[in-house]
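Engineer: Sequence first, then the predicted structure, then my questions.
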Amino acid sequence: MAKSVSKTNYAYELMSEMLENSSKEMIANQMDISYSKFIQENKDIKLDIPVTILLGEYDRTGKISKYCNDWHNETNYPLYIIPNASHFSNADNPSMVNEQIDNFVKKLKK
């Protein structure tokens, strides 16, 4: 699982450490809750706040890439692809994630 959500060795090792004390059953239950409820609970959400979408260039986790692209296309929220990053993009490429967050916050202050 750690390998599937990471692009860099650092992200892989960090995710492995985070998952170390979780059983397969525990992880499966958490994923079931997350994925089975996400679309149902968020399908018609309209946000009246600024939004930016970050997606790792190599994110192949579930349908995350499709959802991010669809959300961007339907709402015109900005979508930023984080280079050399997978699903755990803030560990794979923290400088780019931080740069995009900083840019987002700076736009809010204007």
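Structural biologist: Great, that's in hand. Residues are numbered from 1 along each chain as shown.

Engineer: burial measure for residue 16, as a count.
Structural biologist: Each residue near residue 16 was counted by other C-beta atoms under 10 Å, and the total is 13. For the C-beta atoms, the positions are set from N, CA and C on the backbone; glycine is no exception.

Engineer: do residue 1 as well
Structural biologist: Using other C-beta under 10 Å, residue 1 is surrounded by 13 other residues.

Engineer: Enumerate every residue touching it.
Structural biologist: Residue 1 sits next to 15, 19, 27 when contact means C-beta atoms under 8 Å, 6 or more residues apart in numbering.

Engineer: Show the buried residues in the residues you listed.
Structural biologist: residue 15 (16 or more other C-beta atoms under 10 Å).

Engineer: Now tabulate the contacts of residue 1 in a markdown table and tack on distance to residue 66, secondary structure and pLDDT.
Structural biologist: Conversion of the contacts of residue 1 to a markdown table gives the following (distance: C-beta to C-beta, whole Å; DSSP: H, G, I helix; E, B strand; the rest coil; pLDDT from 0 to 100):
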| residue | distance to residue 66 | secondary structure | pLDDT |
| --- | --- | --- | --- |
| 15 | 22 | helix | 94 |
| 19 | 25 | helix | 92 |
| 27 | 22 | helix | 87 |
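
Engineer: Which one of the contacts of residue 1 is nearest to residue 81?
Structural biologist: For the contacts of residue 1, the residue nearest residue 81 by C-beta to C-beta is residue 15; the value is 20.4 Å.

Engineer: Look up the closest residue to that closest one, ignoring the ones flanking it.
Structural biologist: residue 2 (3.9 Å; C-beta to C-beta, 6 or more residues apart in numbering).
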